[in-house]
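Enquirer: The amino acid sequence is not available; the structure is as follows:
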């Protein structure tokens, strides 16, 4: 197992322990309906509480295993630290997350759906295809394609969902 | 005989232009979705569910089954030509498919994959037609106790089999799924759990938006993070399979078909394990063991027969127990509920012809993959050349609007985003997704069954452990959990002569 994975398991173990404890406490706080003389075996907190307990046990097992493998050395210096720069994969990932969240959590519901989709499609295609071309003319061609592609996809999706599936778009 | 007559009637009923048109486009779309790396069968079925929910039940379910069968087959194309499995179910296909393509036999490899997928589906269909009615009748014996253990059994077995290298992660994924399923109003007192005053949360986490997020958005992120795939290789040799290849592999085909179906039936295990288990069995039984991984026809045939046989296999528990055999089957189950079909032990009583109809639908889909697989070689090569920078944003737009369209709730878009990010992080940390999905589906069954069981016995746990089916289920669960401990395996190896060597090799 890689050092990175051990550290990830260590942190995940901690998160799961916290989740397990929180779930058990929240389940205990759920109503007992004593005034209604409800059968105690039907209480709403019973199953979530049991699941919280299982998550707590599994989280502890993961945590202990990772700790034994040295996962607690979270702050150990990585050899390349100081000159750390995200690689292309990570940059692409960050850009994709940013664009997707900006579209689905930011634009959709605030501006008309067709406009949000057009902006997202155009920006996504242009942002990822821009570095693929070197010459200025080629880059401009790719941006022009992104605009046309964005318009076509936006129009098609809007029409299909609005007119054929009769969905009231956000 | 009655079953055959029903199947004949169902097939005859589907022989209309409209239905055949639906089979044609949905299977083709399934193959395209499967062939494109990053688009999985689960995503395809989930997105198509959002697009077909206004259709008649029979049409919608037919389309979804065609998508499912098509996608699992379609994944073999990219596995052979790009060395990238189109869906996780085709990972074993790359081992021998790509070496065959590299030595100029891409056409032969695609022909074998097509034949294997077709025959695998047929074997699975045979078991679907014969086992499902019997299992449904057997499932009538199931009470709250058995359903409780079935839910735990599904999570534990799926968790172990989908994460063989690290079973604890499979179990964590499964129990997280169960926990998420607890959000919202529970079924006995209508108390909104973990809702914190939000009416959206009180409505529960929708299965489809969660799946679209976990399989769609997270897949978009994974694809964009990876480097772009290499250039597609062109097929120059013949795609029509040689009869000699098929006859030589008949034992492998039958064995893989049976193994694939069994893997499909086990809750939450599905096509991926169907392919791997068939591949491993074929390798063990082969006289040309050393050729495996270097372009062995038998290996490719085993992987593709195994994964497609798991499709009808995974539908068997969907129909008879309302428990999905795989992640795409979980979406199919949700779609059946949306369309007013209630799968489960009463299926043969409430919907007596439905099992035959599903068998007929799967037969039509298998005919579709055979035709497309042998005829559309070159157009499918072009599909693989679509740049991810253009495809992925379209997929994300469909994920967003598809999640919203089911209930026209913006909250579902948030669910999709949250599960997409969670799914991405979990997958990066090697947590399998199938147990998570199974947990989401089985949460309600587990919750109601445990509480109902306890009420029936007034708190006595005895029947949970002593009723015959419950006994078998919990003993299997305990054995599975115990076997995941290294010390137990080592102790067992010392006790059983001959296992020691195997255990040493394993560790």
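Expert: Everything's here; your move. From a predicted model like this one, the values you see are computed outputs, not experimental measurements. Residues are numbered from 1 along each chain as shown, chains lettered A, B, ... in the order given.

Enquirer: Just give the number of residues close to residue 89.
Expert: The chain I'm using is chain A. 12 (other C-beta atoms under 10 Å in any protein chain shown). From N, CA and C alone the C-beta is placed, and that goes for glycine too.

Enquirer: switch to chain B, that's the one I care about
Expert: Neighbour number of residue B:89 under other C-beta under 10 Å is 35.

Enquirer: Can you tell me what sits against stretch A:15-24?
Expert: A:48-49, A:51-60, A:62-63, B:172, B:179 (C-beta atoms under 8 Å, 6 or more residues apart in numbering or on different chains).

Enquirer: To what extent is residue B:470 buried, counted in neighbours?
Expert: For residue B:470, the number of neighbouring residues by other C-beta under 10 Å comes to 21.

Enquirer: Taking the centroid of chain A, which residue is nearest it?
Expert: Computing the C-alpha centroid of chain A and ranking residues by C-alpha atoms, centre = their mean puts residue A:97 first, at 8.1 Å.

Enquirer: What strand or helix carries that one?
Expert: Residue A:97 is part of helix A:88-101 when elements are defined by DSSP states H and E.

Enquirer: Remind me what that helix packs against, helices and strands.
Expert: helix A:113-129, helix B:218-225, helix B:388-407, helix B:410-428 (3 or more C-beta pairs under 8 Å, 6 or more residues apart in numbering or on different chains; DSSP states H and E).

Enquirer: and of these, who's closest to residue B:197?
Expert: helix B:410-428 (13.9 Å; C-beta to C-beta).

Enquirer: tell me which strands and helices the closest one is in contact with?
Expert: Helices and strands touching helix B:410-428, by 3+ C-beta pairs under 8 Å, 6+ apart, are helix A:88-101, helix B:207-212, helix B:218-225, helix B:388-407.

Enquirer: any residue of the shortest one up close to chain A?
Expert: Right, helix B:207-212. No. For helix B:207-212, no contact with chain A is found by C-beta under 8 Å from any C-beta of the partner chain; the gap never falls below 11.3 Å.

Enquirer: List buried residues within the contacts of stretch A:15-24.
Expert: The neighbour-count test (16 or more other C-beta atoms under 10 Å in any protein chain shown) marks A:48-49, A:51-52, A:54-56, A:58-59, A:62-63, B:172, B:179 as buried among these.

Enquirer: Would you mind confirming that residue B:57 is in contact with residue B:341?
Expert: Yes. Using C-beta atoms under 8 Å, residue B:57 is in contact with residue B:341, at 6.1 Å.

Enquirer: The two: which is more packed in?
Expert: Using other C-beta under 10 Å, the more surrounded residue of residue B:57 and residue B:341 is residue B:341, with 20 against 17.

Enquirer: any idea how far that one lies from chain A?
Expert: 21 Å (C-beta to the nearest C-beta, to the nearest Å).

Enquirer: Can you tell me the element that residue falls in?
Expert: Secondary structure assignment for residue B:341, by DSSP H and E: no helix or strand.

Enquirer: That one: what's it in contact with?
Expert: B:57, B:61, B:351, B:354.

Enquirer: Which one of those is nearest to chain A?
Expert: residue B:57 (16.6 Å; C-beta to the nearest C-beta).

Enquirer: tell me the two of the buried ones among the contacts of stretch A:15-24 that are most distant?
Expert: Top of the distance list for the buried ones among the contacts of stretch A:15-24 (C-beta to C-beta): A:48 and A:63, 21.5 Å.

Enquirer: got the angle between the longest helix belonging to chain A and helix B:410-428?
Expert: What stands out as the longest helix in chain A, according to DSSP state H, is helix A:3-28. Counting by axes from the mean of the first three to the mean of the last three C-alpha atoms, to 10 degrees, helix A:3-28 points 140 degrees away from the direction of helix B:410-428.

Enquirer: The stretch 151-300 of chain B: helices as residue ranges?
Expert: Using DSSP state H, counting those that start in this stretch, the helices assigned to the stretch 151-300 of chain B run over residues B:167-181, B:199-202, B:207-212, B:218-225, B:243-248, B:250-265, B:270-285, B:297-321.

Enquirer: need the contact list for residue B:187.
Expert: Neighbours of residue B:187 in contact, by C-beta under 8 Å, 6+ apart: B:444, B:447-448.

Enquirer: okay, which residue is most central for chain B?
Expert: Centroid-nearest residue in chain B: residue B:326, 3.1 Å away (criterion: C-alpha atoms, centre = their mean).

Enquirer: Residue B:165: how many residues sit nearby?
Expert: Neighbours of residue B:165 using other C-beta under 10 Å come to 8.

Enquirer: any idea how far it lies from residue B:484?
Expert: Relative to residue B:484, residue B:165 is positioned 11 Å away (C-beta to C-beta, to the nearest Å).

Enquirer: Could you do residue B:491 as well?
Expert: 13 Å.

Enquirer: Between the two, which has more neighbouring residues?
Expert: Higher neighbour count among residue B:491 and residue B:484: residue B:484, with 19 against 13, using other C-beta under 10 Å.

Enquirer: Hmm, that one is touching residue B:166, no?
Expert: No. Counting by C-beta under 8 Å, residue B:484 stays clear of residue B:166, with 9.5 Å between them.

Enquirer: on that earlier part again, find the nearest non-adjacent residue to the residue nearest to the centre of chain A, please.
Expert: residue B:221 (6.4 Å; C-beta to C-beta, 6 or more residues apart in numbering or on different chains).

Enquirer: Surely that neighbour touches residue B:424?
Expert: Yes. Contact criterion C-beta under 8 Å: residue B:221 and residue B:424 qualify, at 4.8 Å.

Enquirer: Which residue of those two possesses the greater neighbour count?
Expert: Shown here are residue B:221 and residue B:424; by other C-beta under 10 Å, residue B:221 has more neighbours (26 against 21).

Enquirer: And the contacts of the helix holding residue A:97?
Expert: Contact with helix A:88-101 is made by A:86, A:120, A:123-124, A:127-128, B:217, B:220-221, B:224-227, B:392-393, B:396, B:417, B:420-421, as judged by C-beta under 8 Å, 6+ apart.

Enquirer: ok, 10 Å please
Expert: A:85-87, A:107, A:119-121, A:123-124, A:127-128, A:131, B:217, B:220-227, B:389, B:392-393, B:396-397, B:399-400, B:417, B:420-421, B:424, B:428 (C-beta atoms under 10 Å, 6 or more residues apart in numbering or on different chains).

Enquirer: got it, and stretch B:465-475?
Expert: With C-beta under 10 Å, 6+ apart, stretch B:465-475 has contacts from B:138-139, B:141-143, B:145-154, B:156-157, B:453, B:463-464.

Enquirer: Please indicate which of those residues are buried?
Expert: Here, 16+ other C-beta under 10 Å leaves B:139, B:142-143, B:145-154, B:156-157, B:453, B:463-464 buried among those.

Enquirer: Within reach of chain A, which of those residues are there?
Expert: Residues of the buried ones among the contacts of stretch B:465-475 in contact with chain A (C-beta under 10 Å from any C-beta of the partner chain): B:148, B:152, B:453.

Enquirer: Does anything pack onto the helix or strand encompassing the first one? Which helices or strands?
Expert: Meaning residue B:148. Using DSSP H and E, residue B:148 maps to helix B:144-161. Packed against helix B:144-161, as judged by 3 or more C-beta pairs under 10 Å, 6 or more residues apart in numbering or on different chains; DSSP states H and E, are the following elements: helix A:46-68, helix B:106-139, helix B:167-181, helix B:270-285, helix B:297-321, helix B:434-457, helix B:462-466, helix B:468-483.
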